[in-house]
Structures are given as structure tokens and as C-alpha cells.
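J.: Build me a model from this:
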Amino acid sequence: MLALPAAFIYGLLALSQWRPTALFSNKWFICGALTIAVVLHTLGLKQAIWVSGGLDLGLFKALSVVALVIAVMLLLSQLRDFQVNLGQWLLPVCTVAVLAGIFIESPYQARSFSFGVTLHILFALLALAVFSVTMVYALLLRTHDRALKTHHFSALTKRLPPLQSMESTQFKLAWIGFTLLTLAMLMGFIFVDNYFAQHLLHKTSLTLLSWLFFAVLFIGHHLWGWRALMTLRWFTAAYILLLLAFFGSKFVLEVILQRTA
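T.: Numbers count the residues shown, from 1 in each chain. Here you go, the predicted structure:
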């Protein structure tokens, strides 16, 4: 239950992003609160995932791991005075993911994994977390681009940095996610037995298709100068494919059918 106060802190910080006060606008207060939440979240996940039968990586606990990585990224962005406040959108996601991991039971049976397979899973979840942050960033970039074209600026778009700076940051984040995804796939090819077996074929195929979509996105941006709208379309398609690859079958099995693979 150590993750429960972490969820409370995430939720409180999320609310404060929309209705800021002097205290919750202080950088060091936010960093301190986020640090406490991340530590509690980490300890709570350690208790929940490392069980006697091995690793419990059911759907909602896996989502909680992704939320933890997102929270760490938000903390780092605060420490580095990141110009775009992503906490408004991502902290509510972290809150819901942590609560789901605590209170929603899953039929998933804990199992032991080799070191290589554990690395494969870790890199995959890290990649998804980075791409999730990048997805929100890409949506903000598209909003900023549209505001510049229509000359209709909201309170949000007025606070955003220059478009070129945002685009550069978006692709830096995307490259980090792409590198992690590539490493996850390589680990899968090397360490996962029967990586293209029937029960894994949909995951492998969707992940590979997502990887190809991301690759086309980078090529299109570099060679043909794709910008906000085109990059958003390709990024969204690749991200959805990745979500389906990682969690599509887990959702059907664990939530709808109430059984494990």
C-alpha cells in the first residue's frame, strides 16, 4: 500500500497544475513532492511485483510501471526547468494507473523470467513510457502550430516555447524511445524462446509494424521535411500499434476473458 500515498501526491500535484497556488508553483516544492511520490511508488511496486512466484506483471501493474517512468521523467523535467508543463496531462494518468495497479485484481499468474527476458520487458516498458510523454508533447506541438497559423492564441499556447524548439525536443524524445524499442526488440530476438510462435506472433508483428512506422516518421522528417500535422499522424499510428502490441492481448485476456496467457 506504499503506492497509495504516491497516488495521492500525484493527484494533488495534478490538480495544482490546473489551479496553481504560490506553494504549488514553487519549483522546489514540486520537485520535493514528486521525489517523495516516486520513492513511495517504487517501493510499492517492488512489494507488488516481486512476489514468491516470480514477477507479477499483470496489465495494471505493468501500467503502473510505465506511470513510474513517466513520473521520473516529469521530475527530471522540473529539475531541468523544462519549458513545457506536461504534468497537467500526465500526472492524472499516473494517478489513475497507480490506483488501478493497487485496487484492480488481475488473473495474471506471477512467473520467473531469465535475466535477458527481464531486460526485454524493462526496455519495452521504458520505450512505451517515453513514447507516451512524446505523444502528449506532439499534441501540444500540433496545438501550437495550429494557433500560429490561425492567429488564435489561448493561455496555453502563449506559454509554449518557439515551435522549432518544441519540434527539436519532440524528436529527441522520439529518438530515445525508438532506441529503447529497438533494444527491446533485439533482446526479444535473442532471449525470448519462439519469438515468432503463434501465441506471441500478434505482439511481435504489431511491435515490428510500430517500429517501421517510427522509422518512416524519422525518414520523412529528415528527407521530406515533415512537420507538425504529418509527424503527428505517423507518430499517433505508431504509438497506437505499440499500445496494442504491449497491452491489447493482456486487456482482452485479463479484463474481458478474466484469464491469463
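J.: Give me the contacts around stretch 152-165.
T.: Stretch 152-165 has contacts (C-beta atoms under 8 Å, 6 or more residues apart in numbering) with 83-85, 140-141, 143-145, 147-148, 166, 228. Using the backbone N, CA and C atoms, a C-beta is placed for each residue, glycine as well.
J.: roughly how far is it from the heart of the chain?
T.: A distance of 23 Å separates the centroid of the chain from that of stretch 152-165, by C-alpha atoms, centre = their mean, to the nearest Å.
J.: What's the mean pLDDT across it?
T.: Stretch 152-165 shows a mean pLDDT of 80.
J.: Show me what counts as buried in that stretch.
T.: Applying a neighbour-count criterion of 16 or more other C-beta atoms under 10 Å, the buried positions in stretch 152-165 are Leu160.
J.: All further residue positions should be reported with the first residue as 43.
T.: Understood, numbering begins at 43; the last thing we discussed is stretch 194-207.
J.: measure it end to end?
T.: 20 Å (C-alpha to C-alpha, to the nearest Å).
J.: Where does the residue lying closest to Phe255 once chain neighbours are set aside sit, in terms of helix or strand?
T.: Spatially, and ignoring its direct neighbours in sequence, Phe255 is nearest to Ala280 (3.5 Å; C-beta to C-beta, 6 or more residues apart in numbering). Using DSSP states H and E, Ala280 sits within helix 270-285.
J.: OK, contacts around the residue nearest in space to the middle of the chain?
T.: Note on the chain: the residue nearest the mean C-alpha position is Ala171, at 2.2 Å, using C-alpha atoms, centre = their mean. If you count contacts by C-beta under 8 Å, 6+ apart, Ala171 has them with 108-109, 111-112, 115.
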